[in-house]
Structures are given as structure tokens and as C-alpha cells.
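>>> Mind looking at a prediction? Sequence and model below.
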Amino acid sequence: GETVSFSITGAPSGASGQGLSSASATTDGNGRASVALTLGDKTGPYEVTASASGLSDVVFAATATAGPASQLAFTAQPTDARAGQTLGDVTVQLRDQYGNAVASAGTDVSLSISDGATLNGTATAQTGGSGQATFSDLSVEEAASGYALTASSSGLSNATSTAFAITPGPADASNSTITAGTNSLTADGSSRATITVQLTDAFGNDLTSGGDDVGLSTDAGTISGVTGSEDGTYEATLTASTNASETATISGTVNSNPIGDQATVDFVPGAADAVTSGAISSPQTAGQPFGVDLAVEDASGNEVSSFSGDLSLSLAKGSSITPSTVTLESSSQTVQVELADAATAEEITATAVRDNSISGTSNTFDVEAGAASTLAINGGDGQSGQVTSTLSSALEVKVTDAEDNPVSGETVSFSITGAPSGASGQ
């Protein structure tokens, strides 16, 4: 008939759901009173105190153990790391439905990574006696932020780690790149292109910070010093030479190690600026064709291969050049010309028909008369005079070539081929 009060006076931190079937009970004929204890959702010690009026309290002790494993939980999270370095010791714990650690050995736990990256290292491990699986050699090569690991095991709910980031590793010269802002520059001694070096690590990740020692060199043109942008890129300026036959190959080093990439830039002719001719030998012969080497060049003297069109030809002294217009099929061509007039210090000027600012004049050369072609009376014909007298004007002839140029040095023979009958003394 004695009333005994029961109360839970001890439970693991955070436990809930624990309770007694009744807060009190009355002793029976055997002096006994009892209640049922329901343990809470946390493992560990529980205490129930029984008290009765005028009597000393008694304390019951009970221990709650984990239920069967139903889920996984990360107990040591992956840490931020550089590409290829380990993520630290990552641990995954078996837990029951209430989150209590389940001490069970031999369960396979596997890890995978988000965002299509590759998780390197041993990604499957068995739990030890504490129910915990440890992963010590995990690494990721692709630099990015917001990665997470997923732990899985057959029949258990998955667990997801906290987010972590992979940053690029140190600069690797063999994987770094050199690019040019253009494939070609006008060979004018002033055209420029930006040369960019992108540093990458051993896994091909672009570096995002500066501080490395980068150098660039070129085998054609000139290149400026290198400047860094504190984002893993470095720049220099390539200036073209005036030689359109050159191609600049740009090489570089990172921290004294040769970069495994090169960039090339072709130096190309500029706009057509002038017509040039090869040396014309002297003398030439009037009426006889000879070759003239004509070329269209830019302001730096490079042949402009893209030029084609008509050139008009003119003379400094003579009146006739044949042909007076020639068509260039390429930037340089040999044309056959013929001059009608003999002259000294002659010059040929070639001018682009479509743009008379594109012009050029040859060297000076002499033009000699051709072979004698015509003998003609030039004076003294038809005179009259007294017998036995010498005529007042000499009998004169002129020798010319086929182009009517006077021919010097020719010997002319004169003979009397007619006289009055019986005349003498002539």
C-alpha cells in the first residue's frame, strides 16, 4: 500500500523519447512496485530514481545501445586542397536511424564526387570495429569550387559531405601555353601583336594567381618585356620587322624551365606602295626588244603578292615604248619592251593604272640606234653651176635605222654615175 514515485533523472545529452509507463506505483502484498522504462533515441546511460515518503531514494541505471545501421554520416570532412594533393583523412560512420554511431566492422563504404570530376585514390573502404571507414589518399586533379563527396553503402542511406574546393597546383612549364593575338602582322617595322602566356599546373588547370617568373623571346621582329596580371596570365608585345619573308616563332620559360608550347606569327607585305624594276643594262638598241623586271612592293620593299593589274609605261626622253601598258599577273614579272628612239640617260616609269600613286622609275640607260636600214639624200640635190665649178652645197646623205634614228660610223661611198656626153674634168 505504499506509493512509490518514479522519475527519469539522467539521460544522454540531446536524448528524446525516453519515458516511464507511470510516474508512480503502489506496492503490492509483496512490497513491490514497478514501472516500465522506455529508453530515448540516444545511446548512453539513463537513470531512474524511485522515492517513497520517509524512505531513502534508490536509483536505477540503464544503458541504451545503437540500433541497426540505416544511414551513413561524414565524421571527418574533406578539406580544400591543391590539384593532385590529398583531401586529408576523410571518415564515414555507420549510424542507426536516430544518428547514433553503430559499431560494426566489415561494411563496405564507397565515395564518389560531384560535377563529373574524377576522384583519385582508394574510394572504397571497410568499416572497422567502431563502424567507421577511413579514406586517406583521396585527391582531385580538376580545379573547381563547390565539390562534394557522396558516401554510399548497400542498404544504407547516402551521406553528402560539406563542400570543398580544389585550386590549381604550381605552374608547370610543359603544360603552359603561348598564344598570339593574330596569325600575321604587316611587315612595316611597327605593327604589333599581343603575346599571352597562360600558366597551367601539371593537370592542365589554368593558374589564377601570379608571382611566377615568365620570359619570352622571338627569332624574328622584337618582343617587349613580360608583364603579369596576377591571374595566371602574362603578356608581351611583338613588333614586326620589315621583312615579309620572316615568320616569328615565340618561345618562353617559366621559372627558368622551357614552356612546351610556341606561337608563330607570319610577317606579310603591306599595301602596294611602289613599282620597282630590276637594273636595265646600258646600252640598249632602238627597235630591239629587251626584258624589264617589274615588281610591286610595299613601303618596306616587300613584294606585294596580292597585286595584279595593269601598269602604264612611259619614257623620260623617248616618244615611243611598246607596249605602253602591261598586265602583271603576279607581284613580279619580266616584260619585253621595245624603244623606238635612241637617247642617252633614258628612264622607264611604270605606274599602276588603277592608282597612279603606285609608281616607280628605272635606272638610267642609253639607247643606241639600230642597224643601218635606210640611205637617203639629206641635201645638195638638184643644184646647178658653171662648168668646171664646184657646187656650192655638198652632196649629203643620211643613214638611219628602221626607227629613223641616225646611224653613226657608217661608211658611205659616192660615185658619179651620170654626166653629159663628152664631159670631162668632173
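Received the coordinates, thanks. Numbers count the residues shown, from 1 in each chain.

>>> Tell me the secondary structure at P68.
Look at P68: counting by DSSP: H, G, I helix; E, B strand; the rest coil, its state is coil.

>>> same deal with the one 10 residues further on?
Using three-state DSSP, the secondary structure recorded for P78 is coil.

>>> That one: what's its closest spatial neighbour, skipping adjacent residues?
Closest residue in space to P78, ignoring its immediate chain neighbours: L87 at 4.0 Å, by Cβ to Cβ, 6 or more residues apart in numbering. Glycine gets a C-beta too; all of them are placed from N, C-alpha and C.

>>> same question, T26
T26 sits nearest to T3 (Cβ to Cβ, 6+ apart), 5.5 Å away.

>>> Could you give the number of residues near that neighbour?
12 (other Cβ atoms under 10 Å).

>>> Repeat that for D310.
D310 has 12 nearby residues by other Cβ under 10 Å.

>>> quick revisit: double-check the residue nearest to P78 against V140; I have them as touching.
Yes - shown here, L87 and V140 form a contact pair, counting by Cβ atoms under 8 Å, at 7.3 Å.

>>> can you list residues touching both of these two?
Any residue near both L87 and V140 by Cβ atoms under 8 Å, 6 or more residues apart in numbering counts here, and that gives A81.

>>> picking that back up, wait, what's in contact with the residue nearest to T26?
T3 makes contact with 24-26, 33, 52-53, according to Cβ under 8 Å, 6+ apart.

>>> Let me see the ranges of the helices in the stretch 201-350 of the chain.
In the stretch 201-350 of the chain, no segments count as helices under DSSP state H, counting those that start in this stretch.

>>> okay, which residue is most central for this protein?
T179 (2.9 Å; Cα atoms, centre = their mean).

>>> which one is T124 nearest to, not counting chain neighbours?
Closest to T124 by Cβ to Cβ, 6+ apart is S110, at 4.5 Å.

>>> So that neighbour: helix, strand or coil?
strand.

>>> so what's it bridging to?
T124, S152 (DSSP bridges).

>>> For burial, what's the neighbour tally of it?
Count around S110 with other Cβ under 10 Å applied: 16.

>>> V254 now?
Neighbours around V254, by other Cβ under 10 Å: 24.

>>> do V58 as well
Neighbour tally, V58, other Cβ under 10 Å: 11.

>>> Tell me, what's the model's pLDDT at it?
Turning to V58, the model gives it a pLDDT of 98.

>>> Leaving out chain neighbours, which residue sits closest to it?
That would be A50: by Cβ to Cβ, 6+ apart, it lies 5.0 Å from V58.

>>> Can you identify the element that follows the helix or strand hosting that neighbour toward the C-terminus?
According to DSSP states H and E, A50 maps onto strand 44-52. Scanning forward in sequence from strand 44-52 by DSSP H and E, the next helix or strand is strand 58-64.

>>> Parallel or antiparallel, which strands does that following strand pair with?
Partners of strand 58-64 in its sheet, by DSSP bridges: strand 44-52 (antiparallel).

>>> Any chance of the contacts of T3 in CSV with pLDDT, distance to A394 and neighbour count as columns?
Shown next, in CSV, are the contacts of T3 (pLDDT from 0 to 100; distance: Cβ to Cβ, whole Å; neighbours: other Cβ atoms under 10 Å):
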residue, pLDDT, distance to A394, neighbour count
S24, 97, 171, 15
A25, 97, 173, 18
T26, 97, 178, 10
A33, 97, 175, 18
A52, 97, 176, 15
S53, 96, 178, 8
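
>>> Let me know the closest of the residues you listed to S413.
Of all these, S413 sits closest to S24, with 169.5 Å by Cβ to Cβ.

>>> Run a quick neighbour tally on the residue nearest to that closest one when sequence neighbours are not counted.
Nearest residue to S24, sequence neighbours excluded (Cβ to Cβ, 6+ apart): S5, at 4.8 Å. S5 has 16 neighbouring residues, counting by other Cβ under 10 Å.

>>> Many thanks, I have nothing further to ask.
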